[in-house]
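A.B. asks: What would the 3D arrangement of this be:
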Amino acid sequence: MSEQAKSPLEDLPAGDLAIDAFELLANETRLAILVTLWDSYRPFAEDTTLPFSELRERVGTTDSGQFNYHLDRLTDHFVDATDDGYRLSDAGLTVVRSVIAGTGLEEPTLEPTAVDMNCKLCGSPVEIAYEDGWVYVFCTECEGLWTDGGDHARGQLGRFSLPPAALADRTPEEIYAAAWLTTFQKLYSMIEGVCPTCSGPIECSMVVCENHDDDGICGNCGRNTRGAAQLSCDICKEWVQSPLGSIAKYHPAVVGFCYRHGLELQYGVDGLAQIGRRLDEAGSDVTFVSETPPRADVTTEMDGDEIRVRLAEDLTVLDVTERTA
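C.D. replies: You can find the predicted model right below:
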């Protein structure tokens, strides 16, 4: 008899705990318990617990013994038991939030739609589209910044992961701004070394195309820039890829430099015009000063003044130099 195949879950960093979590969620009654407790949950409320009898009645399970079995399985994992009843634990809240964020709208899509912004490469109108959890930003004329070979590869200026719930009651401009804000908050957390999804450790690296074609989109790397930043979580595999200029603009010296020149690098969901100003007025020039290991100088120029940030291979800042005209 052949040896039973090992579950891929056993190799996860969380090991048996991950297997237990998936098994706990693979039951309709347990999921109904979590959703019912979520429905009664209110942020900042003094108490949102449900007594056993009320929880069972809301879930709709007539067999008390079966219900108690499933509730016990969830307790100490996704549900907290108190003297007054039951409530979602932090882990339970995270699970339900993930489901709601991923199914906030029924299969939402957004066909290519014009937004109030022009391409920073050629000045042509910009459109956005939403499909399969991604916001695509693309130029209507030029070949854009990079390509991933997908349906919206032509003229791509950006691709932002965004849960479907983010599309609710928002204009195309607000969807674009929400995608930008969500991605940059993820990026900033990862720069600090903490995964925004699971709080695990982050691996940061600068990737450089060895045979880069500077004439538009490179056939080797699929970008029109030679280098990029890649950050990924060692635990849950969350990731983000970014231009090196965005890494430099997180440094407080660059934030202050832009602020002194009348440009704030913070935005709201209605801040597409401010995002446009950032792209218009605070572009970055990247020069690679070392090949092995790769090191890059990222220079931002405003009103004749310059600030230069030198980045190491792991995206740490080695040096900051400012020059006043």
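A.B. asks: got a list of what the spatially closest residue to S89 that is not a sequence neighbour touches?
C.D. replies: With C-beta to C-beta, 6 or more residues apart in numbering as the criterion, S89 has its nearest non-adjacent residue at 4.8 Å, and that residue is D80. All C-beta atoms are positioned from the backbone trio N, CA, C, and that covers glycine. Counting by C-beta atoms under 8 Å, 6 or more residues apart in numbering, D80 makes contact with 86-89.
A.B. asks: Check V79 too.
C.D. replies: Counted by C-beta under 8 Å, 6+ apart, V79 has contacts 33-34, 37, 71, 86-89, 92.
A.B. asks: and of these, the nearest to P164?
C.D. replies: L34 (19.5 Å; C-beta to C-beta).
A.B. asks: who are the neighbours in contact with the closest one?
C.D. replies: 74, 78-79, 88, 92, 95-96.
A.B. asks: repeat that with 10 Å
C.D. replies: 24-25, 59, 74, 78-79, 88, 92-93, 95-96, 99 (C-beta atoms under 10 Å, 6 or more residues apart in numbering).
A.B. asks: Tell me which entries of these lie within helices.
C.D. replies: 24-25, 59, 74, 92-93, 95-96, 99 (DSSP state H).
A.B. asks: Dump the residues you listed into TSV; add neighbour count and distance to A282 as well.
C.D. replies: TSV is the format used below for these (neighbours: other C-beta atoms under 10 Å; distance: C-beta to C-beta, whole Å):
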residue	neighbour count	distance to A282
L24	17	48
L25	15	45
V59	20	53
L74	24	49
G92	21	42
L93	17	38
V95	20	40
V96	18	39
V99	14	38
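A.B. asks: Of these, which pair is most distant in space?
C.D. replies: V59 and L93 (17.9 Å).
A.B. asks: domains of the protein?
C.D. replies: If you go by automatic domain parsing, the domain ranges for the chain are 8-102, 110-244, 247-323.
A.B. asks: Is it possible to get a markdown table of those that adds mean pLDDT?
C.D. replies: Putting the domains of the chain into a markdown table (pLDDT from 0 to 100) gives the following:
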| stretch | mean pLDDT |
| --- | --- |
| domain 8-102 | 83 |
| domain 110-244 | 90 |
| domain 247-323 | 94 |
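A.B. asks: Extract the C-alpha trace of stretch 109-125 and format it as CSV.
C.D. replies: What follows is stretch 109-125, C-alpha atoms only, in CSV (Å, rounded to 0.1, in the frame of the first residue of the first chain):
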residue,chain,number,x,y,z
THR,A,109,-16.8,44.9,-12.9
LEU,A,110,-16.0,48.3,-14.3
GLU,A,111,-15.6,48.7,-18.1
PRO,A,112,-12.9,51.1,-19.2
THR,A,113,-14.0,54.5,-17.9
ALA,A,114,-12.3,57.9,-18.3
VAL,A,115,-11.1,59.6,-15.1
ASP,A,116,-10.0,63.2,-14.6
MET,A,117,-6.3,62.6,-15.1
ASN,A,118,-3.8,62.6,-18.0
CYS,A,119,-1.0,60.2,-18.7
LYS,A,120,2.3,61.5,-17.2
LEU,A,121,4.2,60.0,-20.2
CYS,A,122,2.3,61.5,-23.1
GLY,A,123,-0.5,63.7,-21.7
SER,A,124,-3.3,61.6,-23.2
PRO,A,125,-6.5,60.8,-21.3
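A.B. asks: The protein: strands as residue ranges?
C.D. replies: 79-82, 85-88, 110-118, 125-131, 134-139, 156-161, 202-208, 227-233, 239-242, 284-290, 295-302, 305-311, 317-323 (DSSP state E).
A.B. asks: Which among the contacts of D80 count as buried?
C.D. replies: 86-89 (16 or more other C-beta atoms under 10 Å).
A.B. asks: tell me which of those residues is nearest to I275?
C.D. replies: Within the buried ones among the contacts of D80, distances to I275 taken as C-beta to C-beta reach their minimum at L88, with 35.4 Å.
A.B. asks: Assess the claim that that closest one and R42 are in contact.
C.D. replies: No - using C-beta atoms under 10 Å, L88 is not in contact with R42; the gap is 11.5 Å.
A.B. asks: which neighbours do those two share?
C.D. replies: With C-beta under 10 Å, 6+ apart as the test, L88 and R42 both reach T48.
A.B. asks: re earlier: okay if I get the contacts of D80 as JSON lines plus distance to Y130?
C.D. replies: JSON lines is the format used below for these (distance: C-beta to C-beta, whole Å):
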{"residue": "Y86", "distance to Y130": "37"}
{"residue": "R87", "distance to Y130": "35"}
{"residue": "L88", "distance to Y130": "30"}
{"residue": "S89", "distance to Y130": "33"}
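A.B. asks: How many residues are close by D285?
C.D. replies: Look at D285: counted by other C-beta atoms under 10 Å, it has 12 neighbours.
A.B. asks: How about G65?
C.D. replies: 7.
A.B. asks: got it, and A248?
C.D. replies: A248: 26 neighbours (other C-beta under 10 Å).
A.B. asks: That one and D214, how far apart?
C.D. replies: 21 Å (C-beta to C-beta, to the nearest Å).
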